[in-house]
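# Need a 3D model of the following:
(2 chains)
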There are 2 protein chains.
Amino acid sequence: MPTSEPQNRQFRLAARPQGLPKPSDWSFVTTPVQPPGEGEVLVRVLYISLDPAMRGWMNEGKSYIRPVQLGAVMRALALGRVVRSQSPDFREGDIVTGALGVQDYATLPARELHAVPPGIAPLPVFLGVLGMPGITAYFGLMDVGRPVKGDTVVVSGASGAVGAVVGQIARIVGCRAVGIAGGPEKCRYLTEELGFDAAIDYRAEDVRAALKRHCPDGINIYFDNVGGDILDDCLALLALHARVVVCGAISQYNATGPIKGPSNYLSLLVNRARMEGMVVSDYMARAPEALRAMGQWLAEGRLKHREDIVDGLETFPETLLRLFSGENFGKLLLRVAPEA
Amino acid sequence: MPTSEPQNRQFRLAARPQGLPKPSDWSFVTTPVQPPGEGEVLVRVLYISLDPAMRGWMNEGKSYIRPVQLGAVMRALALGRVVRSQSPDFREGDIVTGALGVQDYATLPARELHAVPPGIAPLPVFLGVLGMPGITAYFGLMDVGRPVKGDTVVVSGASGAVGAVVGQIARIVGCRAVGIAGGPEKCRYLTEELGFDAAIDYRAEDVRAALKRHCPDGINIYFDNVGGDILDDCLALLALHARVVVCGAISQYNATGPIKGPSNYLSLLVNRARMEGMVVSDYMARAPEALRAMGQWLAEGRLKHREDIVDGLETFPETLLRLFSGENFGKLLLRVAPEA
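Below you'll find the predicted structure:
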């Protein structure tokens, strides 16, 4: 902790984006660090998680969480180090996660922070497999998808932070995992490194034809991160009593017109199938259950992970866009400060 | 039973319709009545049930039931009187239901027939409340929708054979029932005769605005018989953990282009809601459970019904179209022969 208070750089939401967020949708400001009050903690942000859900938080209107207000610091999950604490729950040097925002320093109530236990895994993993994306994958698959041994599980956005975990858990619980991703490199990663049974390159292949080939008995669980045409392709191939987990729809988040609804939704009727949405925050009370299982699989080497780390808070506006262009490969993180 | 074998008139599927079925999609033929073989029963058809699902049976392609083959008698549920039996299970004069087809006489195995108990209700009711539409409504609402006392249940096609039962059961189990139907007469029927809490005339009102007014706390269960824009309107207003029962999509059955997918499906995510398809044939083993409950409600006068009966087998092609134009009001039946 330097003796003179450092400055805090923040990205604030300046305008509600139409389509892809533009540079002018942000303001990048420097303000004094806010000292922690009673019960509060000051955190130096180290890694910021960039997630597709952030695009939704920028829109006005009712959703599962209130929108980021215009002029407010952009909401983001992040990991940081406690630099000053006015709470008995945290000490200087502790590593914590929470909704720290897109900024260098966060000052917030201790109760909004989660302690990161030392020595279990590299810090970025606590924003990935052992963070929100991992918990999303775990409960989305296990609780909403309800896999049965032998099921064929298809996941889109399969090399992403959530999708990669979904496919690997599917394998661990005895299912076949088929991943859909963009480009040969990601597809190779799925089958050769993560152990997926098959991978479909949506940029190069006819997805419907490839699904037919890889899912000869139909799809028992489709874990949807993308929406759009791929959702329709999967709906067309559902097996009887299939489950479609609606986790996200990244292909539609920047739509300026109406969202593409799944034209094949009557497959739910034909196949007595279920399509159900999930939001990870509903599962926070049960997070330890997911973290225990995944911590063990990580330790056993059965759960692999990959991060895509970009340096510099100032790169936030363009780095965020990598999520929507499909450029990023692995859990996308901004490194804001060195770990030590 | 006349001594000389009567002739049998049949509607056979002559072509797979594009859009609304045309007269030329049918052939109307007269053939000798087929005498029943060992274990078979000859049935004089009295009432034929005309159901939206029939449109789907005319299409090629995988569905929950195999399509009607070109040249085959059109499939239809119907009620008739046994005129000759080669099975110990049925006697001459017994009233039965089954997939008798669009014809004057049906010859089929006794095991494909259900006996209608005498004296419980007028015969048409066994093709309505105490038949497939009633069983669909019961299990669709109770098993898939899972109503909780105080829920707001919205049903479309609300004056139809399924919808009217859904709304009335919803009321009986302690829910608010809001029906969507076409025209002031049907809407009045819903609120004044069936006891719905509110009715929305989709031909005269802005459905979304009316739903907002009648469902101030959102929709807990939407029982969908129509698809299209009304499905989107209901999705937009789901309450947390809502259930959407996909029972039918009559607005889309004659579409010649792609079906309109629900653009607001991400409301499932925002509201952690579930959209699930159902097919009544899955519940046939449990039919007695539904029939017991509904038989009692009928006897108590708590479940009302209305039939729309058209005379003459020969009117089948144009009478069927009344389902899709919204002209029919109540359970649509063809009367093929007098009851006695």
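# Run through the residues of the stretch 1-150 of chain A sitting next to chain B.
Within the stretch 1-150 of chain A, the positions near chain B by CB under 8 Å from any CB of the partner chain are A:62-64. Every C-beta, even on glycine, is put in place using the N, C-alpha and C of the backbone.
# Sticking with the residue nearest the centre of chain A, tell me its helix or strand.
The centroid of chain A falls nearest to residue A:133 when counting by CA atoms, centre = their mean (4.1 Å). Using DSSP states H and E, residue A:133 maps to helix A:132-139.
# And that helix, what does it pack against?
Where contact means 3 or more CB pairs under 8 Å, 6 or more residues apart in numbering or on different chains; DSSP states H and E, helix A:132-139 is packed against helix A:163-172, helix A:287-299.
# Any idea which of those gets closest to chain B?
Closest to chain B of the helices and strands packed on helix A:132-139 is helix A:163-172 (CB to the nearest CB; 15.6 Å).
# Check the offset of the helix or strand that the closest one is followed by from the chain's centre.
Using DSSP H and E, the next helix or strand after helix A:163-172 towards the C-terminus is strand A:176-181. For strand A:176-181, the separation from the chain centroid amounts to 17 Å (computed by CA atoms, centre = their mean, to the nearest Å).
# on contacts alone, who are the packing partners of the helix or strand that strand A:176-181 is followed by?
Per DSSP H and E, the first helix or strand lying C-terminal to strand A:176-181 is helix A:184-188. Helix A:184-188 is packed against strand A:198-201, with contacts defined by 3+ CB pairs under 8 Å, 6+ apart.
# For the strand it packs on, which outside residues touch it?
Strand A:198-201 is contacted by residues A:158, A:176, A:178-184, A:186-188, A:190-191, A:207, A:210-211, A:214 when judged by CB atoms under 8 Å, 6 or more residues apart in numbering or on different chains.
# which of the residues you listed count as buried?
A:158, A:176, A:178-183, A:186-187, A:190-191, A:207, A:210-211, A:214 (16 or more other CB atoms under 10 Å in any protein chain shown).
# mean confidence for stretch A:293-311?
The average pLDDT within stretch A:293-311 is 96.
# Pop the domain breakdown of chain A in here.
A:7-128+A:306-335, A:132-282 (automatic domain parsing).
# Quickly compare those domains and say which is most buried.
Comparing those by mean neighbour count (mean count of other CB atoms under 10 Å in any protein chain shown), domain A:132-282 ranks first with a mean of 22.
# And it, how far out from the chain middle?
Domain A:132-282 sits 15 Å away from the centroid of its parent chain (CA atoms, centre = their mean).
# end-to-end on it?
In domain A:132-282, first residue to last residue: 12 Å (CA to CA, to the nearest Å).
# ok, now stretch A:173-188?
Taking CA to CA as the measure, stretch A:173-188 stretches 22 Å from start to finish.
# Among the buried ones among the contacts of strand A:198-201, which pair sits farthest apart?
A:176 and A:183 (22.2 Å; CB to CB).
# Phi first, then psi, for the closest residue to residue A:23 other than its chain neighbours.
Closest residue in space to residue A:23, ignoring its immediate chain neighbours: residue A:317 at 5.3 Å, by CB to CB, 6 or more residues apart in numbering or on different chains. Taking degrees, to the nearest 10, you get phi -60, psi -40 for the backbone angles of residue A:317.
# surely residue A:317 meets residue A:26?
Yes - taking contacts as CB atoms under 8 Å, residue A:317 lies within contact range of residue A:26: 5.4 Å.
# And residue A:68, how far from chain B?
To chain B, residue A:68 is 16 Å away according to CB to the nearest CB, to the nearest Å.
# Next up, the contacts around that residue.
A:13, A:57-58, A:74-75.
# What residues does the stretch 151-300 of chain A have near chain B?
Contacts of the stretch 151-300 of chain A with chain B, taken as CB under 8 Å from any CB, map to A:227, A:232, A:246-249, A:252, A:258-279, A:282.
# What about those, which are in helices?
Judged by DSSP state H, those include A:232, A:267-270 as members of helices.
# Identify the contacts common to residue A:317 and residue A:26.
By CB under 8 Å, 6+ apart, the residues touching both residue A:317 and residue A:26 are residue A:11.
# I figured residue A:241 was touching residue A:271, is that so?
Yes - assessed by CB under 8 Å, residue A:241 is found in contact with residue A:271 at 6.9 Å.
# so where is the stretch 101-250 of chain A shaky, pLDDT-wise?
Across the stretch 101-250 of chain A, nothing is flagged by pLDDT under 70.
# from it, which residue is nearest to chain B?
Closest residue of the stretch 101-250 of chain A to chain B, CB to the nearest CB: residue A:246 (4.8 Å).
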